[in-house]
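**Student:** only the shape, not the letters, is given here:
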């Protein structure tokens, strides 16, 4: 998947999940607020309904005390409760609803009623209670008139008896019962609703927790695959490409990226591989001898430096072989340069066949060749002798005579300059050529030979004699 499309999908998913989360939170908060407001209204309505019931009891209590005792204090207490209920005096400061405000009780009941049916019931009870208050006021007026007639004397007579019957009679009690029945029923229903509201709030909280869990699972289900995709198809490929680029900077041009991501990173990896292929082709052209397809001097010199670096790091020995085709100028002069080129190609083929993978072969110019191997002088002598014998036994001139070669071998010594190593190999090759050709000579770098820096040791020649 292309990264641009992937990022677009990521944005869409994240915005969708965020929008869903915001909508869910908004709906839950709205429902919670509505439930809370409804619960507060219900509680306030219960408090006010209970207040209506209590005020009815207080009015009854104070009017009866006044009728029995004639004490004006009870009359004032009665009037105080009645005026507070009618909104003519401020409500108590410890009231649960609208404390200290001069508001009629029926108005507060109307504002807090959970439903029109609830208000209808409490309005009927309030209306009945107000009619009872009118009756109680009549009883108070009767007692007051009697006191005026008796000049504050003993309470007695028909007017007093009538007042007593008003507030203690069977009709008064029945009237009270009519007021209390809807209030008690309403209080029971309201409490049930309050309990149901508490349960609904708990359900809303559970629903909110469930939705939050679902959103969390949804986000994890969205984010985790995105993280996996990002890690698998973006971050890890980028790390591989970074390491790959670092390798290119270190000269490791043979490496290739095996990147299967079907996105821009995969396309980049493919492009890098193509670029490396072309670069290697160009470098091969610039580091390869076109006639023999062996490496040229430039490539060989760079590899010698690499071998020395490896030796300095891990102590791995390496040796240099210098090779020269014997009497090659005579071959060109006698049979022409075209035939001489064929001899060079055949000679290079023998070198390739004798060398191991990892050995570095190069044509240094004309009929001069060099080989770089990992190993000591003894290993190099074995290879050189194998090459010398293969050349002598394989290559033939048109007159039937064999083509031969001379080889000089030198082993690298710690701390030695590359030019000294090449000079030692050249000295050994010089000694081989001037000792009769068709032979291998080794430059002696042993401790015994330190007093004779040009000491050369020769191998067996073609006749088996030690030179």
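**Tutor:** In hand now; what should we look at? Computed from a predicted structure; not experimentally measured. Numbers count the residues shown, from 1 in each chain.

**Student:** shouldn't residue 342 be within a strand?
**Tutor:** No: counting by DSSP: H, G, I helix; E, B strand; the rest coil, residue 342 falls outside a strand, being helix.

**Student:** give me the domain ranges for this structure.
**Tutor:** Each domain of the chain is listed here as a residue range: 3-218, 253-287, 291-458, per automatic domain parsing.

**Student:** wait, which of those domains is closest to residue 227?
**Tutor:** domain 3-218 (10.4 Å; C-beta to C-beta). (Glycine included, C-beta is placed from N, CA and C.)

**Student:** any idea which element the closest residue to residue 81 other than its chain neighbours lies in?
**Tutor:** The spatial neighbour of residue 81 that comes closest, neighbours along the chain excluded (C-beta to C-beta, 6 or more residues apart in numbering), is residue 58 at 4.9 Å. Residue 58 is part of helix 3-69, with elements assigned from DSSP states H and E.

**Student:** for residue 371, give its distance to residue 322.
**Tutor:** Using C-beta to C-beta, to the nearest Å, one gets 8 Å for the distance from residue 371 to residue 322.

**Student:** can you check residue 272 too?
**Tutor:** Distance of residue 272 to residue 322, given as C-beta to C-beta: 39 Å.

**Student:** with neighbour numbers in mind, choose between those two.
**Tutor:** Each of residue 272 and residue 322 has its neighbours counted (other C-beta atoms under 10 Å); residue 322 has more, 26 against 17.

**Student:** after the helix holding residue 58, next one along is what?
**Tutor:** Per DSSP H and E, the first helix or strand lying C-terminal to helix 3-69 is helix 72-86.

**Student:** what residues of that next one count as buried?
**Tutor:** Counting neighbours by 16 or more other C-beta atoms under 10 Å, one finds that the buried residues in helix 72-86 are 74-75, 77-79, 81-82, 84-85.

**Student:** that older thread, run a quick neighbour tally on the residue nearest to residue 81.
**Tutor:** Burial measure for residue 58: 17 neighbouring residues, criterion other C-beta under 10 Å.

**Student:** give me the pLDDT value at the residue nearest to residue 421 when sequence neighbours are not counted.
**Tutor:** In space, residue 421 comes closest to residue 412 once its chain neighbours are excluded; the distance is 5.2 Å by C-beta to C-beta, 6+ apart. Per-residue confidence for residue 412 comes out at a pLDDT of 95.

**Student:** quick check: residue 412 touching residue 317?
**Tutor:** Yes: proximity of residue 412 to residue 317 meets the contact threshold set by C-beta atoms under 8 Å, at 6.9 Å.

**Student:** got any residues that touch both of these two?
**Tutor:** Residues within reach of residue 412 and of residue 317 at once, by C-beta atoms under 8 Å, 6 or more residues apart in numbering, are residue 311.

**Student:** okay, these two: which has more neighbours?
**Tutor:** Per other C-beta under 10 Å, whichever of residue 412 and residue 317 has more neighbours is residue 412, with 23 against 17.

**Student:** where does the stretch 151-300 of the chain dip in pLDDT?
**Tutor:** Judged by pLDDT under 70, the stretch 151-300 of the chain has its weakly predicted residues at 151-156, 187, 190-205, 207-208, 212, 215, 222, 251-253, 259-262, 280-285.

**Student:** next structured bit after the helix or strand where residue 214 lies?
**Tutor:** Counting by DSSP H and E, the element that carries residue 214 is helix 170-230. Read in the C-terminal direction, the helix or strand following helix 170-230 is helix 236-249, with elements assigned using DSSP H and E.

**Student:** list the buried residues for that next one?
**Tutor:** When burial is assessed from 16+ other C-beta under 10 Å, helix 236-249 yields the following buried residues: 237, 240-241, 244.

**Student:** these: which two are farthest apart?
**Tutor:** Between all members of these, the longest pairwise span (C-beta to C-beta) is found for 237 and 244 and amounts to 9.9 Å.

**Student:** look at residue 358 and give its secondary structure.
**Tutor:** For residue 358, the secondary structure call by three-state DSSP comes out as coil.

**Student:** with adjacent residues omitted, what lies nearest to it?
**Tutor:** The shortest distance from residue 358 to any residue other than its chain neighbours is 6.5 Å, reached at residue 374 (C-beta to C-beta, 6+ apart).

**Student:** how near is the one you found to residue 364?
**Tutor:** Using C-beta to C-beta, one obtains 20 Å as the distance from residue 374 to residue 364.

**Student:** over to residue 380?
**Tutor:** Plainly put, residue 380 is 17 Å away from residue 364 if you go by C-beta to C-beta.

**Student:** between the two, who's got more neighbours?
**Tutor:** Set side by side, residue 380 and residue 364 give different neighbour counts by other C-beta under 10 Å, the larger being at residue 380 (27 against 19).

**Student:** which residues are in contact with the more buried one?
**Tutor:** Under the criterion of C-beta under 8 Å, 6+ apart, the contact partners of residue 380 comprise 319-321, 373, 409, 411, 442.

**Student:** nearest to residue 174, out of these: which one, please.
**Tutor:** The shortest separation between residue 174 and any of those is 128.2 Å, and it belongs to residue 373 (by C-beta to C-beta).

**Student:** looking at the domains of the chain, which is buried most?
**Tutor:** Compared across the domains of the chain, domain 291-458 shows the largest average neighbour count, a mean of 18 (mean count of other C-beta atoms under 10 Å).

**Student:** so where's the stretch 1-150 of the chain uncertain?
**Tutor:** Across the stretch 1-150 of the chain, residues meeting the criterion (pLDDT under 70) sit at 1-4, 6-7, 10.

**Student:** you'd agree residue 87 is up against residue 103?
**Tutor:** Yes: using C-beta under 8 Å, residue 87 and residue 103 qualify as a contacting pair, with a distance of 5.2 Å.

**Student:** got a list of what residue 176 touches?
**Tutor:** 56, 60, 132.

**Student:** pick the one among those residues closest to residue 398.
**Tutor:** Within the contacts of residue 176, distances to residue 398 taken as C-beta to C-beta reach their minimum at residue 56, with 143.7 Å.

**Student:** list the contacts of that closest one.
**Tutor:** Contacts for residue 56 were tallied using C-beta under 8 Å, 6+ apart; they are 129, 132, 176, 179-180.

**Student:** all helices of the stretch 301-450 of the chain, in order?
**Tutor:** 328-354, 377-394, 418-434 (DSSP state H, counting those that start in this stretch).

**Student:** ok, residue 265 to residue 77 distance?
**Tutor:** When C-beta to C-beta is the yardstick, residue 265 and residue 77 sit 90 Å from each other.

**Student:** and the residue sitting nearest the centre point of the chain, how far is that from residue 274?
**Tutor:** For the chain, the residue whose C-alpha lies nearest the mean C-alpha position (C-alpha atoms, centre = their mean) is residue 227; its distance is 5.2 Å. With distances taken as C-beta to C-beta, residue 227 is found 31 Å from residue 274.

**Student:** sweet, I'm off.
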